[in-house]
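Visitor: need the 3D shape of this:
(one chain, ligands or ions: 1)
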Amino acid sequence: MANLKTKYMGLELESPVIAASSGLTANVDKVKELEQAGAGAVVLKSLFEEQILYDSNKMTEGYNKEIHADAVDFFNGMSNSYFLDEYLTLVEECKKAVNIPVIASVNCVSNGAWLKYAKRFETVGADALELNAFTIPVNKKLSSEDYEKQYYELAEGIKKALNIPVAMKMSTHFTSLARVLDNLADLGINGLVLFNRFYRPDIDIDSLKMTHAPIFSAAEEMAMSLKWVALLSGELSADIAASTGIYDSKGVIKQLLAGAKAVQLCSTLYKNGTGLIGDINKEVAAWMDDKGFDSITDFNGILCQEESDNPEVYERAQYMKAAVGIS
Ligand SMILES: Cc1cc2nc3c(=O)[nH]c(=O)nc-3n(C[C@H](O)[C@H](O)[C@H](O)COP(=O)(O)O)c2cc1C
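Guide: Residues are numbered from 1 along each chain as shown. Model prediction:
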């Protein structure tokens, strides 16, 4: 039987399938269930800085902040540490409950706050930290360099503060994506998750109100990450975890062939249940047996652009009859 072990950011995984950060990784029982189903690692639900600030602000709503400065400070401190402590307890309990790597996840908007929280994740035993950092580049006064600088400062700060591996969960919204990812890897970021899938607003034309687009991805969405994993996996010093639109064993195999060291699954687990991970592991192993691959390293990255017989295909942007057979 083929061996599914892989190494991602130096972490030894029994399977390349990681349960992505979501409500499915928000408590110990769910994390245990994911381990039993065969997940190689879990990324815990993100701790959101926004949420912490919102709650502390809510507690002090209506207070005159100058007159009641002490009370405001008290509530801010209490609220911040309440959510943080709750999250750190989750990390600690998950570490006690499972043997697979537990990756903590933080969504913060400010560099200072990241650093304040970061060391404590390490102290309570997180195997790695995934930074879910994204600023929508909507401010027309800021240049692409201004936005990129925020990520670099974050990467530098976090790498100075921590000894455990750090991954950054990325968006595609960069003018020169390859360069940004390369710079982050040079700054010591160990893992790059390609790509995050964000909340998408939509418009209801009957009620004339804002609403939201589907929360879950569709399998077709994997094409974007597959392309970039294949383009960059042979070029970057950081390990890549593929994410978005990976639904089944075929998706997992494709991403491994393109050069991802691991894959992250979310929507498919919501739709098909966490037991799907066991089926995927079996199907990937059966495919490897069929192809004569004993381990993942035997085929990992053999179809990335660097290794490909037909590298130009990955850089094709326009449809051409020769490529798609339709005129
Ligand atoms: C309900 C839900 C909650 C999520 N929560 C988080 C989160 O807290 N932190 C995070 O980094 N990503 C979060 N995500 C994004 C997923 O981790 C994943 O990157 C995204 O859904 C794309 O993967 P998929 O196509 O397998 O669903 C969430 C996604 C869903 C659907």
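Visitor: contacts, neighbours, all on C-alpha from now
Guide: OK.
Visitor: next SSE downstream of the host helix or strand of residue 87?
Guide: Using DSSP states H and E, residue 87 sits within helix 69-97. Once the chain leaves helix 69-97, the next helix or strand it forms, by DSSP H and E, is strand 102-107.
Visitor: contacting residues around the residue lying closest to residue 163 once chain neighbours are set aside?
Guide: Closest residue to residue 163 apart from its sequence neighbours, by Cα to Cα, 6 or more residues apart in numbering: residue 122 at 7.7 Å. Residues in contact with residue 122 (Cα atoms under 8 Å, 6 or more residues apart in numbering) are 128, 162-164.
Visitor: list the contacts for the residue in the stretch 101-250 of the chain positioned nearest to the ligand?
Guide: Closest to the ligand within the stretch 101-250 of the chain is residue 244: 3.2 Å, counting by Cα to the nearest ligand atom. Contact partners of residue 244, counting by Cα under 8 Å, 6+ apart, are 194-197, 217, 221-222, 225, 264-266.
Visitor: residues of the stretch 1-150 of the chain that sit close to the ligand?
Guide: 20-23, 45-46, 132 (Cα under 6 Å from any ligand atom).
Visitor: of these, buried ones?
Guide: Among these, those classed as buried by 16 or more other Cα atoms under 10 Å are 20-22, 45-46, 132.
Visitor: min pLDDT across these, which one?
Guide: On pLDDT alone, residue 132 ranks lowest of those, at 90.
Visitor: test my guess that it contacts residue 45.
Guide: No: using Cα atoms under 8 Å, residue 132 makes no contact with residue 45, being 10.3 Å away.
Visitor: common neighbours of the two, please.
Guide: Counting by Cα under 8 Å, 6+ apart, the residues touching both residue 132 and residue 45 are residue 105.
Visitor: show me what from the stretch 201-327 of the chain comes close to the ligand.
Guide: Counting by Cα under 6 Å from any ligand atom, the residues of the stretch 201-327 of the chain near the ligand are 215-217, 243-246, 265-267.
Visitor: go ahead and build a ChimeraX selection from the buried members of the residues you listed.
Guide: To isolate the buried members of those in ChimeraX, using 16+ other Cα under 10 Å:
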select :217,243,244,245,246,265,266,267
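Visitor: redo the residues of the stretch 201-327 of the chain next to the ligand as TSV? Include secondary structure.
Guide: Putting those into TSV (DSSP: H, G, I helix; E, B strand; the rest coil) gives the following:
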residue	secondary structure
215	coil
216	coil
217	coil
243	strand
244	coil
245	coil
246	coil
265	strand
266	coil
267	helix
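Visitor: flag every buried residue along stretch 284-303.
Guide: Here stretch 284-303 shows 284-285, 287-288, 293, 295-297, 299-303 as buried, counting by 16+ other Cα under 10 Å.
Visitor: which residues in this protein form helices?
Guide: Listed in chain order, the helices of the chain (DSSP state H) span 28-37, 49-59, 69-97, 111-123, 144-161, 177-186, 222-232, 249-258, 267-272, 276-291, 321-324.
Visitor: with mean pLDDT and distance to residue 309 added, can I get these in JSON lines?
Guide: Below are the helices of the chain laid out as JSON lines (pLDDT from 0 to 100; distance: least, Cα to Cα, whole Å):
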{"stretch": "helix 28-37", "mean pLDDT": "98", "distance to residue 309": "37"}
{"stretch": "helix 49-59", "mean pLDDT": "58", "distance to residue 309": "46"}
{"stretch": "helix 69-97", "mean pLDDT": "77", "distance to residue 309": "44"}
{"stretch": "helix 111-123", "mean pLDDT": "78", "distance to residue 309": "43"}
{"stretch": "helix 144-161", "mean pLDDT": "93", "distance to residue 309": "33"}
{"stretch": "helix 177-186", "mean pLDDT": "97", "distance to residue 309": "21"}
{"stretch": "helix 222-232", "mean pLDDT": "96", "distance to residue 309": "13"}
{"stretch": "helix 249-258", "mean pLDDT": "98", "distance to residue 309": "13"}
{"stretch": "helix 267-272", "mean pLDDT": "98", "distance to residue 309": "32"}
{"stretch": "helix 276-291", "mean pLDDT": "98", "distance to residue 309": "19"}
{"stretch": "helix 321-324", "mean pLDDT": "63", "distance to residue 309": "15"}
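Visitor: distance check, residue 3 against residue 276.
Guide: Relative to residue 276, residue 3 is positioned 19 Å away (Cα to Cα, to the nearest Å).
Visitor: looking at the two, which is more packed in?
Guide: residue 276 (20 against 17; other Cα atoms under 10 Å).
Visitor: my read: the more buried one touches residue 266, true?
Guide: No: at 11.2 Å, residue 276 and residue 266 do not qualify as touching, with contact defined as Cα under 8 Å.
Visitor: this completes my enquiry, with thanks.
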